Structure formats: C-alpha cells, structure tokens
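*Asks:* 3D model of this:
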Amino acid sequence: MEAVAVIVALMFAVFVALGVIAVVRSVRAVKRGVDRTVTQARRTVEDTRLKAKQYVQPGAPGEVAELRLSLRTSMRATQEALRAAAPDDPSLSEALALFKRLSTHGQEIDADLKRLEAEPDKARVAGSLPELRERVERVTHSADSLRWAAQDRARQFADDDLALLSEQIRMEAGALRHWTTEEEPQAAPTGAGAGARTPGAGSTGGGAEGPEAATTAGAEAATTAGAEPERPAITARDAWRQPGYSWQKTRRPESTT
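*Replies:* Prediction:
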C-alpha cells in the first residue's frame, strides 16, 4: 500500500513538473511574440515619422531624416535576405558575420544622425552632414552588395537545379518510352519484287515450292518462340499483378501440319 502511495505521489509530482514547464514555455513564447510585435510597431512608427519629416521639413532636418531612412531600409532588407537564405546555404555564414560587423557601424551612424536631429545649431548640422552622408553611403553600398550577392547566388542555384531537373525528367521520359527505340519490323517490299519473294503466293513463286517454304518458315518460328519468348514492352511493373496487354502475350507457334 505504501508503494502504491509513493508511485502515485511521484506521478503527481511528474505531472506538476511537466505542467510548470509547459506554462513557462508558453509564457516565454508569448513574451517573445509580444516583444517582436512591439519592436515591429516601433520600427513602423519611426519609419513613418522619418518619411513625414523628409517631405515636410526642407533643408538640413529633412536631409537627416532621408539619410536615416535610407540607412535603416538598406540594413533591414539585407538582414532579412541573409537570414532567409542562410538555412539553405551554409556558405552565407561568413556573409552573416560580416553583416553583423557592418550593423555595428550602421547603428553608430544612426545614433549620430539621431543626435543631429535634436541639434538646435543649424550651422553645426550643415557642417556635419557631408561626413555623415559619406559614411551612410559606404555602409549602404556594402549592405546592398551583400544582399545582391546573396540574391544572385540563390537565383543561380535555382537555375542550376531547374536545368538538372529538366535533364532528369527528359531522361526519365525517354526511359518510360523505351519501347519506341526497339527495332521496328521492316515493311514488306512492294512492287514487282514483292510478289516474287512472298511465301504463299503460289501463282508467282511456283506451286511446287510454296508448301515446303511455308512448312520451313513455320518450323523456324516455332523453334524461335520456344527458345526465347517475346519480352514485354514495359517492364517497370509486375506482370502477374497487371492485366495482360496485346503486346505482352506470347506468340503461338505456327502450325506445321
């Protein structure tokens, strides 16, 4: 009785532990989803604000907003392209490492531009813009190069795979139609020579040799049919499971009587 109580207590403890683990994992998953949603919402709001400021405020403030928007758009597009292609192409691991280093510089430039937005001195803003513009162009050019290279690599792999698949399908289609490559029976000769060489035409080939030639041909056909039966045209399926077709039936030897 005590053993049963111990077993029941252990089972209850195991169920409670499993329930706690499931609840903790669910809470973490929900928290990650909420954080992701909040991050995307903040990103959307910030991009919308920069777009509005780009068109509403002319001069240096609008140019600062334009530089920030260009930098954020290029970095985000490159990040999404590399992360989407990395699971299928391990060679992009080095590109991801380089992009992480590039992201550090991009974040530093974005922070400088954000501080420049709050700078009240217009002369200082105008003096700092050329250097920041050059840095932004260098970072965006590097990010675009990584993204374009990853896209071209994925496109080339897709083209190569499609070419290989097309070749395999062509070969398989030819294998499925292998009976068309077998030697076709030669057509009977026509014209004046046909009547002279056709066995059984007694009026043109001679009445005495007609029956003997037919008997000899029948014996040869019977010997050939008994030695090696005709192969089926399609051998990919089991013959005993499929209904017989006309080209799969064994020829009967011709009568010699």
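
*Asks:* Show me which residues of stretch 106-115 are buried.
*Replies:* Gly106, Ile109, Asp110, Asp112, Leu113 (16 or more other C-beta atoms under 10 Å). Every residue, glycine included, has its C-beta placed from N, CA and C.

*Asks:* Which helix or which strand is home to the fourth one?
*Replies:* Secondary structure assignment for Asp112, by DSSP states H and E: helix 93-117.

*Asks:* what's that helix packed up against?
*Replies:* Under the contact definition 3 or more C-beta pairs under 8 Å, 6 or more residues apart in numbering; DSSP states H and E, helix 93-117 sits against helix 60-85, helix 122-176.

*Asks:* which helices and strands does the longest one pack with?
*Replies:* Spelled out, that is helix 122-176. The contact analysis (3+ C-beta pairs under 8 Å, 6+ apart) places helix 122-176 against helix 60-85, helix 93-117.

*Asks:* quick one, which of these is nearest to Ala123?
*Replies:* Taking C-beta to C-beta as the criterion, helix 60-85 is the member of the helices and strands packed on helix 122-176 that comes nearest to Ala123, at 9.4 Å.

*Asks:* Phe99 reaches Arg147, doesn't it?
*Replies:* No: if you go by C-beta atoms under 8 Å, Phe99 and Arg147 don't touch, sitting 9.1 Å apart.

*Asks:* what would the helices and strands packed on helix 93-117 look like in JSON lines with mean pLDDT, mean neighbour count and distance to Met11?
*Replies:* Formatted as JSON lines, the helices and strands packed on helix 93-117 follow (pLDDT from 0 to 100; neighbours: other C-beta atoms under 10 Å; distance: least, C-beta to C-beta, whole Å):
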{"stretch": "helix 60-85", "mean pLDDT": "89", "mean neighbour count": "19", "distance to Met11": "43"}
{"stretch": "helix 122-176", "mean pLDDT": "91", "mean neighbour count": "13", "distance to Met11": "51"}
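
*Asks:* closest to Arg138 among the buried residues of stretch 106-115?
*Replies:* Closest approach to Arg138 among these (C-beta to C-beta): Ile109, at 9.3 Å.

*Asks:* State the distance from the closest one to Ala95.
*Replies:* Ile109 sits 20 Å away from Ala95 when distances are taken as C-beta to C-beta, to the nearest Å.

*Asks:* again with Arg135
*Replies:* Distance of Arg135 to Ala95, given as C-beta to C-beta: 21 Å.

*Asks:* Quick one: residues contacting the closest residue to Arg153 other than its chain neighbours.
*Replies:* Closest residue to Arg153 apart from its sequence neighbours, by C-beta to C-beta, 6 or more residues apart in numbering: Asp89 at 6.8 Å. Residues in contact with Asp89 (C-beta atoms under 8 Å, 6 or more residues apart in numbering) are Ala150, Arg153, Ala154, Phe157.

*Asks:* got the contact list for the first one?
*Replies:* Shown here is Ala150, whose contacts under the criterion C-beta under 8 Å, 6+ apart are Ala81, Leu82, Ala85, Asp89, Leu92, Ala95.

*Asks:* who touches Asp144 in this structure?
*Replies:* Contact analysis of Asp144 by C-beta under 8 Å, 6+ apart lists Ser74, Thr78.
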